[in-house]
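[1] this is the structure alone, sequence omitted:
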């Protein structure tokens with residue numbers, strides 16, 4: 001026995017009912033590590049989404065045989081990140097993204113008294129101290145990086161290479177008006193200030209279009225990181241992870257910093273450091289310093305030599321869970337940096353296609369008590385939610 005058991009929490013593949021949780025760095029578990037917020041897709045298989053593709057938002061009870069309780073619906077979601085459904089830390093609030101006509105908004109539900117309200121823009125991530133959310137232009141993201149934003153929205157601003165009136169928005173949870181704390185134009189001007197003249201010339205000659213993706217907030221809520229990405233106006237020239245950098249910034253919009261380029265799966269380790277995959281360095285730890293981040297050390301180089309979805313288990317600075325993505329058969333592993341022990345705790349098959357915007361990544365997400373891990377897998381033929389439960 002490896003100390004973990006696998007349970008399939010959702011079912012319905014034969015009836016065309018598919019399920020998934022949102023992105024692996026979100027609070028998809030409640031504070032008690034019992035309920036998971038997830039979404040149900042009604043017969044929507046791997047294809048380009050339409051604005052009228054609606055999903056059901058629900059809570060899965062991991063202590064009641066995966067009982068499903070519907071709490072809402074949404075028509076603002078993507079294959080890779082769903083509707084960004086997540087719990088507000090330390091509260092009974094759940095939020096997810098939806099649309100009102102062509103505008104993307106945030107729905108907020110209090111699971112205790114069942115009150116509901118709507119915030120005016122879509123949310124990407126919630127402040128760990130439950131004060132605000134941060135969001136980006138999901139219509140622009142969908143157009144420039146299909147599979148992550150939301151289709152059919154207004155205001156993509158594709159006629160502008162780096163809009164001054166668009167970027168990272170801060171939205172108070174008390175319903176106050178959102179404010180723009182980092183515009184695309186300001187972020188690009190800062191990037192130019194940190195590049196050599198040849199790289200700046202390359203950006204200007206190629207007339208890149210810029211966008212934001214992957215916003216994440218430090219544990220104390222004082223800083224965030226965001227991916228600034230860019231691509232040629234000619235869509236036929238394609239795009240790669242090399243065409244992007246990771247920035248950090250205060251949640252008050254001050255003190256910008258450039259971590260490095262070509263990063264993937266960036267997460268805060270603590271309030272001063274971040275970890276991510278970079279092909280040149282592997283999974284590595286960087287210090288959040290200004291104006292540029294500082295490389296500290298590799299993370300488990302003897303074990304991880306490919307891009308993974310990695311999370312440190314809550315309460316630990318040395319035990320981590322990660323997957324082996326972009327393959328038809330995917331493992332989930334736990335590695336202990338102190339003992340250098342690695343164990344495979346689960347295996348999932350049928351992940352076809354292994355790549356592309358319609359792939360199904362496991363996105364392993366641990367519970368706050370570190371005794372459970374949720375994944376979404378195609379193991380039974382379509383997207384379903386599975387629980388890895390610690391038994392020893």
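    Nice, I can see it. Just so you know, these numbers come straight off a predicted model, no measurement behind them.
[2] which residue ranges form the helices in the stretch 151-300 of the chain?
    For the stretch 151-300 of the chain, applying DSSP state H, counting those that start in this stretch gives helices covering 184-194, 197-206.
[3] single out the most deeply packed of those.
    helix 184-194 (a mean of 17; mean count of other C-beta atoms under 10 Å). In short, each C-beta sits where N, CA and C put it, glycine included.
[4] check the helices of the stretch 151-300 of the chain for me: which has the lowest mean pLDDT.
    By mean pLDDT, the lowest-scoring of the helices of the stretch 151-300 of the chain turns out to be helix 197-206, with a mean of 94.
[5] tell me the pLDDT of residue 280.
    pLDDT, read off for residue 280, is 92.
[6] residue 107 now?
    Value for residue 107, per-residue pLDDT: 98.
[7] what about residue 142, which SS state?
    helix (DSSP: H, G, I helix; E, B strand; the rest coil).
[8] try the one 4 residues further on
    In terms of secondary structure, residue 146 is coil; the call rests on three-state DSSP.
[9] quick one: residues contacting residue 317.
    Shown in contact with residue 317 (C-beta atoms under 8 Å, 6 or more residues apart in numbering): residue 269.
[10] mind putting the helices of the stretch 151-300 of the chain into JSON lines with distance to residue 90?
    Converted to JSON lines, these look like this (distance: least, C-beta to C-beta, whole Å):
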{"stretch": "helix 184-194", "distance to residue 90": "31"}
{"stretch": "helix 197-206", "distance to residue 90": "42"}
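[11] can you say which of these is nearest to residue 311?
    helix 184-194 (26.5 Å; C-beta to C-beta).
[12] which of the helices of the stretch 151-300 of the chain sits closest to residue 362?
    Closest among the helices of the stretch 151-300 of the chain, using C-beta to C-beta: helix 184-194, at 31.1 Å.
[13] what lies in contact with that closest one?
    So helix 184-194 is in contact with 162-164, 166-167, 200, 203, 210-212, 226, 228, 245, 247, 256, 258, 291-292, going by C-beta under 8 Å, 6+ apart.
[14] please apply the same query to stretch 279-291.
    193-194, 218, 223, 241, 248, 255-260, 262, 269, 272-278, 293-301, 304-305, 307-308, 310.
[15] now the buried members of those.
    218, 223, 241, 248, 256-260, 262, 269, 273-278, 293, 299-300, 304, 307-308, 310 (16 or more other C-beta atoms under 10 Å).
[16] so which of those residues are in strands?
    223, 248, 257-260, 273-278, 310 (DSSP state E).
[17] so can I have a markdown table of the residues you listed showing distance to residue 179?
    Formatted as a markdown table, these follow (distance: C-beta to C-beta, whole Å):
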| residue | distance to residue 179 |
| --- | --- |
| 223 | 16 |
| 248 | 19 |
| 257 | 21 |
| 258 | 23 |
| 259 | 24 |
| 260 | 28 |
| 273 | 27 |
| 274 | 24 |
| 275 | 29 |
| 276 | 27 |
| 277 | 32 |
| 278 | 32 |
| 310 | 32 |
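[18] picking that back up, any of the contacts of helix 184-194 buried? List them.
    162-163, 166-167, 203, 210-212, 226, 228, 245, 247, 256, 258.
[19] least confident pick among those?
    residue 203 (93).
[20] ok, for residue 357, nearest residue in space, not its chain neighbours?
    residue 147 (3.2 Å; C-beta to C-beta, 6 or more residues apart in numbering).
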